[in-house]
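K.L.:
Need the 3D shape of this:
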Amino acid sequence: MAADAACQTLGAIGSTPWAIKGGIGVISDAYPLLGYHKSSYVLVTAVLGTASYFFLASLPIHTPVIAGAFIFLANFQIATADLLCEGQYASAMQAKPHTGSAMVSFVWGCFQLGALIAALFVGPIAGRSYAYATGGAV
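P.N.:
Have a look, this model is predicted:
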């Protein structure tokens, strides 16, 4: 039962950035970072998210607190990029209303293409990692 509670806690910690997207938007609009309202926040959180994924994959994680912190940072990066990119293309749609549905379709098409490319790479990478960890072939 303790493992179930830990998994639920990690899930809640991981989903917290999605719940605070409104706060992220308010902060990025009110306080420009390096003179930019969106791109600098995306860049900073991308560095944090990339580092957290790297540490999750490469370090031995012995406590749920450390895992939760890295999962939080990874999801914080994704939620921030999602929110601020949505804000950017919403501004573009206001400037050129005739592009509305085409722009949303383009954004989601790019998102799905990226997901497909990631899915194509994750299988071979995971297979090689498993083979390396077990000392044998997959």
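K.L.:
so where is the protein shaky, pLDDT-wise?
P.N.:
In the predicted model, the chain carries pLDDT under 70 at residues 1-2, 128-138.
K.L.:
residue ranges for the helices of it, please.
P.N.:
Using DSSP state H, the helices of the chain run over residues 2-19, 21-30, 39-58, 64-95, 100-134.
K.L.:
Would you convert the ones you listed into JSON lines that also reports mean neighbour count?
P.N.:
Placement of C-beta: from N, CA and C, glycine included. Shown next, in JSON lines, are the helices of the chain (neighbours: other C-beta atoms under 10 Å):
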{"stretch": "helix 2-19", "mean neighbour count": "13"}
{"stretch": "helix 21-30", "mean neighbour count": "14"}
{"stretch": "helix 39-58", "mean neighbour count": "15"}
{"stretch": "helix 64-95", "mean neighbour count": "17"}
{"stretch": "helix 100-134", "mean neighbour count": "11"}
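K.L.:
Wait, Thr80 touches Pro17, no?
P.N.:
Yes - the pair Thr80 and Pro17 qualifies as a contact (C-beta atoms under 8 Å) at a distance of 7.3 Å.
K.L.:
how close does Cys110 sit to Gly87?
P.N.:
17 Å (C-beta to C-beta, to the nearest Å).
K.L.:
same question, Ser101
P.N.:
Counting by C-beta to C-beta - Ser101 and Gly87 are separated by 18 Å.
K.L.:
before we move on, what about Phe55?
P.N.:
Distance from Phe55 to Gly87, by C-beta to C-beta: 29 Å.
K.L.:
next one: Ala67
P.N.:
30 Å.
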